[in-house]
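Asker: The following block contains a protein sequence and its predicted model.
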Amino acid sequence: MHITLVDDSIPFDGYTASSRPLGGAEKGFAALAGALARRGHTVSVFNRCRWSMFIEGAQWETFEGKKPLLTDMLIALRKPELLGFVRQAKRRVLWHTGPGRMLAKKATREILADLKPTILLCSAVQAEGWRADGLKVALLPPALKSDYLANFDEAASDQPPYAMVTTHPAHGLSWLVNLWVNHIHPAAPDAELRIYSMSLAKMAEGGGVEPGLEDLAEKILAARGDGVIVTRPQGDAMMAAAYRQAAVHLYPGHPDDGTAFTLMESQACGVPAVLRPLGAAPDRVANGSSAYVAPDDDAFANLTALLLNNAETRANLGAEARALYQGRTWDAAAEKLEGLLA
């Protein structure tokens with residue numbers, strides 16, 4: 001089968017996530033291309049990569065490269081406008097990573113009604129409050145790269161335990177810093193909170209503050225004495241190592257987060273989590289076994305302190321988290337996708 005994948009977002013390719021941080025949707029897009037090629041398909045990828053290259057069996061082309069005249073399946077990432085990228089496509093798929101309501105816009109409905117694609121979702125929560133209006137809908141939970149699935153334990157560290165947070169600055173980070181300073185850190189005074197954020201790292205390094213983040217930046221700088229540290233996200237191998245050394249992944253969540261990519265990655269690395277019951281996050285964990293879904297602020301703070309202070313508890317939850325994601329490879333996801341779209 002000839003499969004064409006198309007994205008029109010940022011410059012990246014199948015090697016990018018190995019050397020620098022990349023969003024979960026982009027990583028999944030790149031990994032799925034290689035996985036489909038390994039299953040015997042002829043795969044063409046068009047995006048904002050800088051030049052044509054052959055990666056993991058898939059042919060990557062620049063967005064302006066020569067398009068195929070015909071493809072058996074076109075998979076467009078996020079943008080409905082890309083569904084017409086190849087004029088003659090036997091099947092069209094819109095891989096949607098946002099809230100379902102984004103597909104209810106008039107211009108989007110017209111495109112979907114005309115081209116009748118299959119809507120591929122990452123979680124059931126995306127479909128809440130949205131009507132498919134006769135379109136076929138399929139669910140393909142994201143998978144993980146091998147960096148996060150490697151089954152080994154980091155050497156014991158004599159450093160203070162740390163919690164890590166990877167959330168978007170607008171998705172509850174201000175709330176979490178307040179909770180850390182006022183409740184969590186007093187109960188675990190040796191612990192650190194490491195915030196992995198590119199935009200905030202630039203601020204911490206003296207590079208200025210992005211518009212809209214001024215109050216949050218000031219709050220984080222004021223919390224340095226409470227163990228709050230800002231650091232840059234890294235490529236997959238280094239992020240996997242950071243996860244494995246962490247005591248807990250704190251995930252504030254957001255109602256519109258229908259993917260929870262980094263929560264999946266940390267769980268696969270064997271890191272317990274504490275999260276709020278928002279978006280897709282609760283579906284990415286086994287509550288009470290691999291993580292704790294906290295019903296309120298007090299529970300969130302108490303459970304975080306428990307994991308920071310109790311090595312046995314976090315080891316038990318970490319083992320369950322790792323087991324939960326064994327086998328969740330992109331090769332397995334590609335096989336499932338074939339069945340969903342058959």
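Answerer: Received the coordinates, thanks.
Asker: tell me the centre residue of the protein?
Answerer: Closest residue to the average C-alpha location of the chain: residue 261 at 2.1 Å, with Cα atoms, centre = their mean.
Asker: Could you tell me which residues make contact with that residue?
Answerer: The contact partners of residue 261, by Cβ atoms under 8 Å, 6 or more residues apart in numbering, come to 23, 24, 25, 27, 28, 142. All C-beta spots, glycine's among them, are computed from the backbone N, C-alpha and C.
Asker: If we use 6 Å, what do you get?
Answerer: For residue 261, the contact set (Cβ atoms under 6 Å, 6 or more residues apart in numbering) comprises residue 24.
Asker: can you pull the buried residues of the host helix or strand of residue 335?
Answerer: Element membership of residue 335 [criterion: DSSP states H and E] is helix 330-340. Judged by neighbour count (16 or more other Cβ atoms under 10 Å), helix 330-340 contains these buried residues: 330, 331, 333, 334, 337.
Asker: Spatially, which two of those residues are the most separated?
Answerer: Within the buried residues of helix 330-340, two members stand farthest from each other by Cβ to Cβ: 331 and 337, at 10.8 Å.
Asker: Residue ranges in the protein under the pLDDT threshold?
Answerer: The model of the chain has pLDDT under 70 over residues 152-157.
Asker: how does it divide into domains?
Answerer: 2-144+328-340, 147-324 (automatic domain parsing).
Asker: end to end, how far does the longest one reach?
Answerer: If I follow you right, that is domain 147-324. 16 Å (Cα to Cα, to the nearest Å).
Asker: Identify the residue spatially nearest to the residue of the chain most remote from its centre, adjacent ones excluded.
Answerer: Distance to the chain centre peaks in the chain at residue 69, reaching 33.0 Å (criterion: Cα atoms, centre = their mean). Among residues not flanking residue 69 along the chain, residue 88 sits closest, at 6.4 Å (Cβ to Cβ, 6 or more residues apart in numbering).
Asker: got a list of contacts for stretch 4-19?
Answerer: Here stretch 4-19 has contacts from 22, 26-27, 29-30, 33, 44-49, 55-56, 60, 71, 74-77, 79, 82, 85-86, 235-236, using Cβ under 6 Å, 6+ apart.
Asker: What residues sit buried inside stretch 311-331?
Answerer: 314, 317-318, 320-325, 328-331.
Asker: what does stretch 224-241 give?
Answerer: For stretch 224-241, by 16+ other Cβ under 10 Å, it's 226, 227, 228, 230, 233, 235, 236, 237, 238, 239, 240.
Asker: Just the strands from the chain, written as ranges.
Answerer: Counting by DSSP state E, the chain has strands at residues 2-6, 42-47, 53-55, 58-62, 70-77, 88-95, 118-121, 137-139, 162-165, 192-196, 228-231, 248-251, 273-275, 291-293.
Asker: Just list what the third one packs against, helices and strands only.
Answerer: What that stands for is strand 53-55. If you count contacts as 3 or more Cβ pairs under 6 Å, 6 or more residues apart in numbering; DSSP states H and E, strand 53-55 packs onto no helix or strand.
Asker: So in that sheet, which strands flank it, and in what orientation?
Answerer: Looking at strand 53-55 with DSSP bridges, its partner strands are strand 58-62 (antiparallel).
Asker: same check, this time on the first one
Answerer: Partner strands for strand 2-6, per DSSP bridges, with pairing direction: strand 42-47 (parallel), strand 70-77 (parallel).
Asker: Would you tell me which of the ones you listed gets closest to residue 146?
Answerer: The nearest among the strands paired with strand 2-6, by Cβ to Cβ, is strand 42-47 at 19.0 Å.
Asker: If you count neighbours, what's buried in that closest one?
Answerer: 42, 43, 44, 45, 46, 47.
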